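Trainee: structure here, sequence nowhere to be found:
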């Protein structure tokens with residue numbers, strides 16, 4: 001079967017690979033749509049970051065090359081022995097986070113912080129950028145009847161955003177700023193609205209992405225190339241700053257702005273992944289009793305997210321900017337995302 005494999009920086013190839021075997025407790029899925037994640041793009045442009053290259057992954061034993069793709073939905077085409085609650089033909093989204101189940105975080109219920117954490121489609125022998133893939137059945141979530149496969153492919157990044165909002169201190173009526181309007185920023189915009197934020201200020205340099213943020217619920221838009229971010233946010237909040245800011249850009253300027261725009265005792269939540277270290281001024285925290293927290297992936301969020309998409313509080317289809325075939329994943333996928341900042345979420349079909 002065909003699959004997109006990561007071999008190194010700027011080296012992703014669509015190649016023939018053996019089809020995985022369905023074993024006890026697993027299901028085989030025919031992938032319908034798989035999204036290109038920001039972490040996939042980081043691996044393509046500047047990796048390896050998560051992908052194991054020389055040392056086998058502690059949970060899966062995998063080393064590069066690996067099949068990419070962890071934001072995917074498809075149809076169950078085969079089930080292993082012992083599988084009872086999933087049937088052939090079921091439409092499903094896959095939660096790709098792999099955990100050991102034995103370490104202290106896992107035992108406490110925080111499997112997203114597993115000391116051996118991995119992802120199907122980054123650190124395993126399968127992934128969503130392939131015609132078919134095999135996953136443990138506990139990672140499979142049935143799609144509601146009114147959700148498409150395309151919407152199913154958005155559940156994974158939406159879970160990242162919902163986890164960040166759910167774990168923050170946001171309260172009904174709070175003011176929020178979202179720094180960065182890529183897919184995660186656009187999903188955060190919707191998630192904070194669903195959580196009851198009264199004001200959602202989105203900061204982004206791309207006018208196309210700002211327009212998309214407004215379409216998806218942002219109440220105010222700021223382009224740092226045209227306006228002063230801090231002055232504008234202070235003007236919008238009676239000089240107080242926002243209650244909570246979410247950093248989803250992965251650049252130092254956005255991190256600094258997300259911190260400075262907070263009110264006294266406000267909270268900054270870092271959601272993005274970083275390619276290099278950055279510096280901050282601790283006095284911006286200490287003198288105002290501000291807090292910095294972070295959010296890692298998701299934990300028991302898929303059922304919540306499926307409900308939010310099904311009832312319309314998260315517009316998954318609104319994120320999708322392009323749909324392409326697996327053969328075009330490099331030129332029309334990764335390179336397009338690097339060169340064209342109007343793109344938000346590109347979905348890939350391997351079938």
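Mentor: Ah, there it is. Quantities reported herein were computed from a predicted structural model and do not represent experimental measurements. Numbers count the residues shown, from 1 in each chain.
Trainee: what's the burial count for the residue lying closest to residue 113 once chain neighbours are set aside?
Mentor: With Cβ to Cβ, 6 or more residues apart in numbering as the criterion, residue 113 has its nearest non-adjacent residue at 3.9 Å, and that residue is residue 105. To be clear about C-beta, it is placed using only N, CA and C from the backbone, and glycine gets the same treatment. Residues near residue 105, counting by other Cβ atoms under 10 Å, number 17.
Trainee: element containing residue 105?
Mentor: helix 104-107 (DSSP states H and E).
Trainee: distance between that helix and the chain's centre?
Mentor: Here the centre of mass of C-alpha atoms in helix 104-107, compared against the chain's by Cα atoms, centre = their mean, to the nearest Å, lies 23 Å away.
Trainee: mind listing what's buried in that helix?
Mentor: For helix 104-107, the neighbour count (16 or more other Cβ atoms under 10 Å) marks 105, 106 as buried.
Trainee: just checking, what packs against it?
Mentor: The helices and strands touching helix 104-107, judged by 3 or more Cβ pairs under 8 Å, 6 or more residues apart in numbering; DSSP states H and E, number zero.
Trainee: what's in contact with that helix?
Mentor: With Cβ atoms under 8 Å, 6 or more residues apart in numbering as the contact definition, helix 104-107 has outside contacts at 99, 100, 101, 111, 112, 113, 114, 115.
Trainee: and for stretch 191-199?
Mentor: Stretch 191-199 is contacted from outside by 158, 161-162, 164-166, 170-176, 178, 200, 217, 219-220, 236-237, 242, 244, 246, 308, 313-314, using Cβ under 8 Å, 6+ apart.
Trainee: now do the helices in the stretch 151-300 of the chain.
Mentor: 183-194, 207-215, 229-236, 252-260, 283-286 (DSSP state H, counting those that start in this stretch).
Trainee: could you say which of these is packed most deeply?
Mentor: Greatest average neighbour count among the helices of the stretch 151-300 of the chain goes to helix 183-194 (a mean of 27), per mean count of other Cβ atoms under 10 Å.
Trainee: make CSV out of the helices of the stretch 151-300 of the chain and add distance to residue 39.
Mentor: As requested, these are exported to CSV (distance: least, Cβ to Cβ, whole Å):
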stretch, distance to residue 39
helix 183-194, 10
helix 207-215, 19
helix 229-236, 26
helix 252-260, 18
helix 283-286, 27
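Trainee: right, and the ones you listed - which one's nearest residue 350?
Mentor: With respect to residue 350, and counting by Cβ to Cβ, the nearest of the helices of the stretch 151-300 of the chain is helix 183-194 at 20.0 Å.
Trainee: okay, now the unreliable bits of the stretch 1-150 of the chain?
Mentor: Of all residues in the stretch 1-150 of the chain, none has pLDDT under 70.
Trainee: domain parsing for the chain?
Mentor: 2-158+298-349, 169-294 (automatic domain parsing).
Trainee: you'd agree residue 81 is up against residue 22?
Mentor: No. Using Cβ atoms under 8 Å, residue 81 is not in contact with residue 22; the gap is 9.1 Å.
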